[in-house]
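S.K.: Here is my input; please provide its structure:
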Amino acid sequence: MLREEKSYGILYWLFIRMKMGRPTKYKEEYCQEIIDFMKQGYSKEAFAGHIGISKQQIYRWRVKHKEFRTAIKRAETACQEFWEELGIQLVLAGQGNATAWIFNMKNRFRKNGWNDETKQNINFKGLNNLIQVNESHKSVGVADESKKG
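M.R.: Below is the predicted model:
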């Protein structure tokens with residue numbers, strides 16, 4: 001029995017230590033490649049298609065590889081620069097479709113300020129005072145009605 005336990009321990013250890021699943025397609029060269037690719041105005045999802053993987057794999061690599069995450073941030077900045085420069089060129093040349101360009105910018109770069117959202121702050125202290133005033137008017141109104149009857 002002791003021998004079986006010992007062999008089970010070895011098998012278990014081998015199972016835990018072995019890498020399961022298919023090997024990763026990630027390469028360190030992808031860091032520079034994604035920056036160069038997105039400088040041309042493409043998205044990181046388009047880069048995934050370009051190298052033959054799913055966009056979910058790009059998202060996983062971004063979490064797993066710090067250098068890739070940093071490269072994506074640089075690439076997104078380069079991509080935004082491409083599209084902003086294109087917009088300036090279109091305006092100066094008096095060409096292009098401004099509505100389509102703005103739509104593109106709002107959808108691609110809404111986290112970077114390209115959106116129509118307005119933020120509102122609500123002061124709850126003032127709201128509480130308003131509720132107290134309304135309740136005091138109700139009690140006054142009830143008292144007045146009881147005097148009439």
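S.K.: contacts for stretch 95-115?
M.R.: 43, 79-80, 83-84, 86-87, 90-91, 116 (C-beta atoms under 8 Å, 6 or more residues apart in numbering). (C-beta placed from N, C-alpha, C; glycine too.)
S.K.: next one: stretch 66-79
M.R.: Residues outside stretch 66-79 that contact it (C-beta under 8 Å, 6+ apart) are 26, 28, 30-32, 34-35, 37-39, 41-44, 47, 61-63, 108.
S.K.: Quick one: mean pLDDT over the longest helix seen in the chain.
M.R.: Assignment by DSSP state H gives helix 66-93 as the longest helix of the chain. Averaged across helix 66-93, pLDDT comes to 94.
S.K.: go on, stretch 50-57?
M.R.: 95.
S.K.: what comes up buried for that stretch?
M.R.: Judged by neighbour count (16 or more other C-beta atoms under 10 Å), stretch 50-57 contains these buried residues: I53.
S.K.: Likewise for stretch 104-121?
M.R.: The neighbour-count check on stretch 104-121 (16+ other C-beta under 10 Å) flags 104-105, 108-109, 114 as buried.
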